[in-house]
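J.: I would like the atomic coordinates for the input below:
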Amino acid sequence: MTDARGSIWTVICTDDSRPAELRETVSLARQGGNEVLVLLAPSVLYEPGGLADIEQAYDRYVEFEEFRRELARIDNVTALEVGPTDRLSACH
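T.: Residues are numbered from 1 along each chain as shown. Sure, this is the predicted structure:
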């Protein structure tokens, strides 16, 4: 018989379009010492014409990365970037 009292892993797949709501969701999910994995997509890479103005796209991508790092610094939270390879290489 296994012990069902261990921590729970929650996986959240989303983008960065609603950061306040995501912070709240992560906070709730990690209650009781549970682990949270956030698979976070930068919305700028998915919007039609999102890369048309490269300077604005870069600024938005930097904001995304700062947000992802903020989440990753929270105890019991792993936040990883997910996105289309061709567009990710255009922003780096």
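J.: find the residue at the geometric middle of this structure.
T.: Nearest to the mean C-alpha position of the chain, counting by Cα atoms, centre = their mean, stands residue 40 at 2.8 Å.
J.: show the contacting residues for that one.
T.: By Cβ atoms under 8 Å, 6 or more residues apart in numbering, the contact set of residue 40 is 14-16, 22, 64, 67-68, 71, 79-82. (C-beta placed from N, C-alpha, C; glycine too.)
J.: so it, which of the three states?
T.: strand (DSSP: H, G, I helix; E, B strand; the rest coil).
J.: beta partners of it?
T.: Residues in a beta bridge with residue 40, per DSSP bridges, are residue 14, residue 81.
J.: so residue 71 touches residue 26, yeah?
T.: Yes - between residue 71 and residue 26 there is a contact under Cβ atoms under 8 Å: 6.3 Å.
J.: where do the contact lists of those two overlap?
T.: Common neighbours of residue 71 and residue 26 (Cβ under 8 Å, 6+ apart) are 38, 77.
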